[in-house]
Every structure is written in C-alpha cells, then in structure tokens.
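1. missing the sequence, but the structure's below:
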C-alpha cells in the first residue's frame, strides 16, 4: 500500500527557477526521506528529516515537515538541467525494524 | 566512494525460464534490501536481510521468488519460473543500521520477460 503520495506527478520548469514538490502520508512516521532517480538508474538519497524536526537544508535543497498535516515539501532552489530526474519521498513508520515505503514519484524536467 | 554493486545490469529472458540477480552491498552494511520497481512507480520492498537473516519477506512471491544472503555479505535473488508480469527494475540497497535509516542503492537490474 502507498504511504507517501507525491504532488504534482510531473513538473516542468526553466533553469534557474525553484522547484517545489510535496508529499503527504497517512500514519505517524519516524522519519521521512527524499530520493532522486535519474532515468534507468538506482536511487540516490538526498535528505532525511526526523519526526521531531521541522526543516532541514542541504546545499540547494530545503525540506520541511509538518507532522500535524502529515505532509512534507522539497524545495530545490536555482534549478539546473542536471536536476532533471524523478524524485521520491519515502516514509519510515515508528517501531522496530521499520521499512521504507516509497511514493510513486514526481518527474521533474528542467529546461535549459 | 563505496557503492552497491549489482549484476547483470540488463537481463532478457523468456517466460518460464529461471533468472538470478546478484548484489554486493557496501562493506560493513548489515542490512540488505531487494526492491522491485515497475515503470512509473516507486520501489516496493521484496525482502530485507539483517546479516544473513530474513527480517521481512512479506511482499516476496514465495512460490517463484527466493533470496539468500548466506554469509551475510552478498546476496542473490532468484525467479523461477519467470512470468511476463515480472518485467521490472530490480534494485538492491544496503544500510548500516535498520530499515528506517538512509539506504544506498545499486544501479539496478532491468529485467524483460518475453
């Protein structure tokens, strides 16, 4: 079953613009992670935010988490053509041996 | 930088044949995962190992899929017999700790069943 649902499904922007992607989930989590996947490749971990954190930064990435709304957003600032990829949010539920559950992903296209 | 290795990268087989995929995790990572990713979807966990023990195989179709990690290092995922619906990307990942932490993915094996 899908725990995380990303929105929008697809996003097309011009190089230099900011990209905002959203993720909503249904049950309480231990943490939420964002991954990137280039076409035909494996996933690359971008950032992890714990349930007691509200915002994290990593380079051009900014992630927020609102546990009251059960939602997260990923902001990529000053996008580049190389940011073109699929982005997935993954949630880890509370409890021992929790696994990651991935959403269906967002396809981001950055036009040069 | 250490990486998760997978082979083969691509596999084309006919239905009813047996296929096997191999994964070598990052050295020192106790937890290993096999995921299946259908085109346009997110990865779905098939099996999770902690060292050589299976922690979660609730989504593994056990009538045709098997996975092993005999010495707690590398792992093999087998499908026998393959069906048309098995066409997908098979991803291996590893992590230092338990399943809720950061996972490191290999490049995947693209399986096509004809």
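-> That came through, no problem. It should be emphasised that the depicted structure is a prediction, and the values quoted were computed from it without experimental measurement.

2. partner residues bridging the most centrally placed residue in chain B?
-> Centroid-nearest residue in chain B: residue B:34, 2.9 Å away (criterion: C-alpha atoms, centre = their mean). Taking DSSP bridges as the rule, residue B:34 bridges to residue B:47, residue B:92.

3. Hmm, it is touching residue B:78, no?
-> No - in this structure, residue B:34 is not within contact of residue B:78 by C-beta atoms under 8 Å, at 10.7 Å. Quick note: C-beta positions are derived from backbone N, CA and C, even for glycine.

4. tell me, what's touching the two both at once?
-> Between them, residue B:34 and residue B:78 share these contacting residues under C-beta atoms under 8 Å, 6 or more residues apart in numbering or on different chains: B:21, B:67.

5. quick one, what contacts the residue nearest to the centre of chain B?
-> Contact partners of residue B:34, counting by C-beta under 8 Å, 6+ apart, are B:21, B:23, B:45-48, B:67, B:75, B:77, B:90-92.

6. Turn the residues you listed into CSV, including neighbour count and pLDDT.
-> Formatted as CSV, the contacts of residue B:34 follow (neighbours: other C-beta atoms under 10 Å in any protein chain shown; pLDDT from 0 to 100):
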residue, neighbour count, pLDDT
B:21, 22, 98
B:23, 25, 98
B:45, 21, 96
B:46, 20, 97
B:47, 23, 97
B:48, 26, 95
B:67, 20, 98
B:75, 24, 98
B:77, 23, 98
B:90, 23, 98
B:91, 28, 98
B:92, 27, 98
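
7. what pairs with the lowest-mean-pLDDT helix or strand in chain B, and is each one parallel or antiparallel?
-> Least confident helix or strand of chain B, by mean pLDDT, DSSP states H and E, is strand B:53-56 with a mean of 92. Its sheet considered, strand B:53-56 pairs with strand B:44-50 (antiparallel) by DSSP bridges.

8. Not counting its own residues, what contacts the partner strand?
-> A:97, A:99-102, B:30-38, B:54-57, B:59-60, B:65, B:67, B:69, B:72, B:75, B:77, B:98-99.

9. switch to 6 Å and redo it
-> Contact partners of strand B:44-50, identified using C-beta atoms under 6 Å, 6 or more residues apart in numbering or on different chains, comprise A:99, B:31-36, B:55-57, B:59-60, B:67, B:69, B:99.
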